[in-house]
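Peer 1: What follows is a predicted structure for the sequence shown.
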Amino acid sequence: MLAVPQPVLPPLPPLGTQRRLSVGVIGAGVVGLSSALWLQRAGHRVTLVDPAAPTSNRGYAQAASFGNACTMAFGACIPVATPGVLRAVPRMLLDRQGPLTISWRDLPGLVPWLASFLRSAHPEAVSRIGGILGELLRLAEAGHAPLFAAAGADDLRRMTGCLYLYRSAASFNAAQAEIMLRHREGVQMRILEREEIQAREPNLAPLYHKGLLFEDAYSIDDPLTYARRLLARFLTDGGTLVAAGVRGIERDTEGLTLRCGDHNLRVERAVLAAGAWSGRIARSFGDRVRLDTERGYHVLFPADGQLLTAPTCYPEHGFYMTPLAEGLRAAGTVELGGLGKPLRPARTAAIERVARKLLPGLGNTGRTWLGFRPSMPDSLPVIGPSPVDPRIIYAFGHGHIGLTLAGITGRLAADIIDERRPLVDLRPLRPDRF
Ligand SMILES: Cc1cc2nc3c(=O)[nH]c(=O)nc-3n(C[C@H](O)[C@H](O)[C@H](O)COP(=O)(O)OP(=O)(O)OC[C@H]3O[C@@H](n4cnc5c(N)ncnc54)[C@H](O)[C@@H]3O)c2cc1C
């Protein structure tokens, strides 16, 4: 059970005079899957299109939804760009091993994104963005609950809460503004003293001053299995999966054509949920969105799933250590550097080095992984109709919290298509806000 009662969404009203529409959902990451299921519940004829759906391990490992830190982070209303990050930019440019890094060579291409990122770091912007994220996060569990139930996935939830640890009094003090913002947004959390941390997590090296326990957070064991269960429910309920990549969308008065080589698909509506790859598809019909990727990594320690009881994060190191059935997954950090370049072993080595310091009992490493967070500069997702054609609904850009926000995003996509009044003000999430 969750420690705190969560809001329940009003049930979907019956379709009534709404026409049953054919909808193509582009991308079978957790956002696309959740959107497909909500649209199906609303009575639409839904086709999911993805060249690498979660039917096999290898293809899906590209998706951010495969390798994330597995936490339902309902307290994550703090954007990535904050005044503290602004101060850290010079160091980011020099330290290629740090929690947040940019390569000099990629800098010119990143200028527009970085300029918006830096503008979002001002205190008033952080407060405004925190309020918008807070509103979405308060609905997040209600967006998931019906999908977990329908997919028979409740057993994958580990209701352990989630721990943030601060190594020193200085780092805890520096976090006070963020803690106050979380309080303002109603985040359920409790300060833990050293002794409590030690009692909860005796395998951690005592490299902490205080902690924050997010009591209503939980983790998913594991995201690939979750995605497979969502997909199985979708197919059982009559959904169609097309294993192809969408190269572009053509528009005419009758409808939309999703161009996928041999498998062109005619639909009346489309949901663009291709994660970090969504920008390329939007460009095919003349839209330019300020989407880039924050590359993130994970290192798996296969024999060490028992070393922690709950996902544990030191914000100053930028990654979680999440206990899972497959082992302990150390996942996170940010590297700005686009979709094209391969995994940089120096980044996973840096995660491994810090993780061993924090958790000295760690054994051998297994899989290392690079994934692409679909990131907007202001840490807000894009959810809403395309300014080019309102029959195309955007659902991407969830950055660090796409697993957490997937359910509510799917529900909002269904509300938009059915022209129901959305549950949140969508104006701050519109694609052309920059
Ligand atoms: C290291 C790391 C840790 C994270 N930890 C957390 C966490 O603890 N909690 C949390 O809430 N979030 C976390 N996230 C963020 C979260 O994983 C992402 O925000 C989320 O998975 C994004 O989901 P998505 O469905 O939008 O994109 P993706 O999961 O990337 O899926 C996109 C899909 O689109 C498909 N696709 C690509 N091109 C095309 C095309 N042309 N046509 C059709 N389909 C296409 C891909 O094959 C893929 O399946 C983390 C991310 C990283 C990298």
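Peer 2: Nice, thanks for sending it over. Numbers count the residues shown, from 1 in each chain.

Peer 1: so how far is the first residue of stretch 188-208 from its last?
Peer 2: One end of stretch 188-208 to the other measures 21 Å (Cα to Cα, to the nearest Å).

Peer 1: chain center to it: distance?
Peer 2: Offset of stretch 188-208 from its chain centre (Cα atoms, centre = their mean, to the nearest Å): 26 Å.

Peer 1: Just the buried residues of stretch 226-235, please?
Peer 2: Neighbour counts over stretch 226-235 (16 or more other Cβ atoms under 10 Å) mark 226, 227, 228, 229, 230, 231, 233, 234 as buried. In short, each C-beta sits where N, CA and C put it, glycine included.

Peer 1: With stretch 354-374 instead?
Peer 2: 354-356, 358-359, 362, 365, 368-374.

Peer 1: now that stretch, how far from the centre of its chain.
Peer 2: Relative to the centre of its chain, stretch 354-374 is centred 19 Å away, using Cα atoms, centre = their mean.

Peer 1: Only C-alpha atoms, please: export it in PDB.
Peer 2: Taking Å, rounded to 0.1, in the frame of the first residue of the first chain, the C-alpha atoms of stretch 354-374 are listed here in PDB:
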ATOM      1  CA  VAL A 354      31.500   6.600  -6.800                       C
ATOM      2  CA  ALA A 355      29.000   3.800  -6.100                       C
ATOM      3  CA  ARG A 356      31.800   1.600  -4.700                       C
ATOM      4  CA  LYS A 357      32.700   4.400  -2.300                       C
ATOM      5  CA  LEU A 358      29.100   4.800  -1.100                       C
ATOM      6  CA  LEU A 359      28.300   1.100  -1.000                       C
ATOM      7  CA  PRO A 360      31.600  -0.700  -0.300                       C
ATOM      8  CA  GLY A 361      30.000  -4.200  -0.400                       C
ATOM      9  CA  LEU A 362      29.400  -4.000  -4.200                       C
ATOM     10  CA  GLY A 363      30.700  -6.900  -6.200                       C
ATOM     11  CA  ASN A 364      31.300  -7.400  -9.900                       C
ATOM     12  CA  THR A 365      29.600  -5.200 -12.500                       C
ATOM     13  CA  GLY A 366      27.400  -6.600 -15.300                       C
ATOM     14  CA  ARG A 367      25.600  -4.600 -18.000                       C
ATOM     15  CA  THR A 368      26.500  -1.000 -18.700                       C
ATOM     16  CA  TRP A 369      23.900   1.100 -20.500                       C
ATOM     17  CA  LEU A 370      23.500   4.500 -22.200                       C
ATOM     18  CA  GLY A 371      20.000   5.900 -22.700                       C
ATOM     19  CA  PHE A 372      18.500   9.100 -24.100                       C
ATOM     20  CA  ARG A 373      16.200  11.200 -21.900                       C
ATOM     21  CA  PRO A 374      13.900  13.200 -24.100                       C
END
